[in-house]
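Asks: sequence first, then the predicted structure, then my questions.
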Amino acid sequence: MRSKKSSYDYYLILATTAVLFIISVICIWGMFFFKMAQIQQMAPAEKVGYLEHMNSVIAPFVICLILLLGICVPKRLLSTSWLNRFGVFLGFVVIIITVVVNMKTGLLVVLTASLGLQLTVLVLAMAGSKRLHFETKGYWLRVGSSLIHLGLILFILDLFFYGNKTLHLVLFWVTTGATILGMIFCFYAEAVVNFVTGRQTFSDENIT
């Protein structure tokens with residue numbers, strides 16, 4: 001029978017996957033429509049109007065993804081009861097900041113908090129901490145998952161600083177490196193470690 005914690009994780013995974021799928025569909029559709037409608041040949045005002053329209057379409061799903069990350073990241077550190085309290089507190093903070101300042105600042109606060117928590121999770125995962133809540137027990141799977149989540153947070157954070165070319169470039173390459181390294185650790189860790197160390201056999205469970 002699925003535990004409460006596992007069910008919570010399961011529904012968070014489903015929700016995140018669904019939001020990412022919708023965002024992907026919107027992006028792909030937007031690119032093909034841009035090409036077929038030959039928007040690049042239109043007047044600058046029409047181009048700007050198209051971009052603003054697409055931003056308004058995708059914005060709610062990006063907001064949902066940021067809020068899901070704000071809940072998903074601390075689940076590695078907190079129990080279900082404390083995670084629920086944290087989610088309520090996070091939502092309250094976002095609402096307050098949105099009313100006082102604006103929504104962009106509120107979401108940036110969520111991303112910044114998620115980034116700090118995810119870096120903590122990554123450090124603890126690399127240290128082999130048993131206090132983290134993961135579905136898997138493999139050391140490299142935990143590190144890889146932490147790196148992939150870190151890459152996702154940095155990718156979304158990059159959208160906020162796209163106008164800053166230097167910061168955008170740094171975030172882009174760090175995101176790319178973290179994501180690729182995370183996937184290697186998740187799917188090819190045993191083969192890579194065997195190759196580097198020259199060992200013939202290597203069990204992921206031996207280092208947990």
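Replies: Structure's in. What do you need? Residues are numbered from 1 along each chain as shown.

Asks: what about residue 137, which SS state?
Replies: On the three-state scheme (DSSP: H, G, I helix; E, B strand; the rest coil), residue 137 is labelled coil.

Asks: which non-adjacent residue is nearest the residue most central in space within the chain?
Replies: Nearest to the mean C-alpha position of the chain, counting by C-alpha atoms, centre = their mean, stands residue 152 at 3.1 Å. Beyond its immediate neighbours in the sequence, the residue positioned closest to residue 152 (C-beta to C-beta, 6 or more residues apart in numbering) is residue 69, lying 7.0 Å away. All C-beta atoms are positioned from the backbone trio N, CA, C, and that covers glycine.

Asks: number of nearby residues for the one you found?
Replies: Under the neighbour criterion other C-beta atoms under 10 Å, residue 69 is assigned a count of 24.

Asks: tell me the pLDDT of the residue of the chain most remote from its centre.
Replies: The outermost residue of the chain relative to its centre, with distances by C-alpha atoms, centre = their mean, is residue 43 at 35.8 Å. Per-residue confidence at residue 43 stands at 76 (pLDDT).

Asks: any chance you could map the helices in the chain?
Replies: Using DSSP state H, the helices of the chain run over residues 4-36, 44-72, 80-100, 103-126, 139-160, 165-197.

Asks: what's the closest of these to residue 133?
Replies: For these, proximity to residue 133 was assessed by C-beta to C-beta; helix 4-36 is nearest, at 6.7 Å.

Asks: what's the angle between that closest one and helix 139-160?
Replies: Going by axes from the mean of the first three to the mean of the last three C-alpha atoms, to 10 degrees, helix 4-36 is angled at 40 degrees with respect to helix 139-160.

Asks: enumerate the positions of helix 4-36 that are buried.
Replies: 8, 9, 12, 15, 16, 19, 30 (16 or more other C-beta atoms under 10 Å).

Asks: distance between that helix and the chain's centre?
Replies: Centre-to-centre, helix 4-36 and its host chain are 12 Å apart (C-alpha atoms, centre = their mean, to the nearest Å).

Asks: so which elements touch it?
Replies: Helices and strands in packing contact with helix 4-36 are listed as helix 44-72, helix 80-100; criterion 3 or more C-beta pairs under 8 Å, 6 or more residues apart in numbering; DSSP states H and E.

Asks: so can I have a markdown table of those showing distance to residue 189?
Replies: Written out in a markdown table, the entries for the helices and strands packed on helix 4-36 read as follows (distance: least, C-beta to C-beta, whole Å):
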| stretch | distance to residue 189 |
| --- | --- |
| helix 44-72 | 22 |
| helix 80-100 | 28 |
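
Asks: just to revisit the earlier point, the residue nearest to the centre of the chain contacts residue 66, correct?
Replies: No - the pair residue 152 and residue 66 fails to qualify as a contact (C-beta atoms under 8 Å) at a distance of 10.4 Å.

Asks: residues contacting residue 94?
Replies: When contacts are counted by C-beta atoms under 8 Å, 6 or more residues apart in numbering, residue 94 touches 67, 106, 107, 109, 110.

Asks: so how far is residue 120 from it?
Replies: Summarising the geometry, the distance separating residue 94 from residue 120, computed by C-beta to C-beta, to the nearest Å, is 21 Å.
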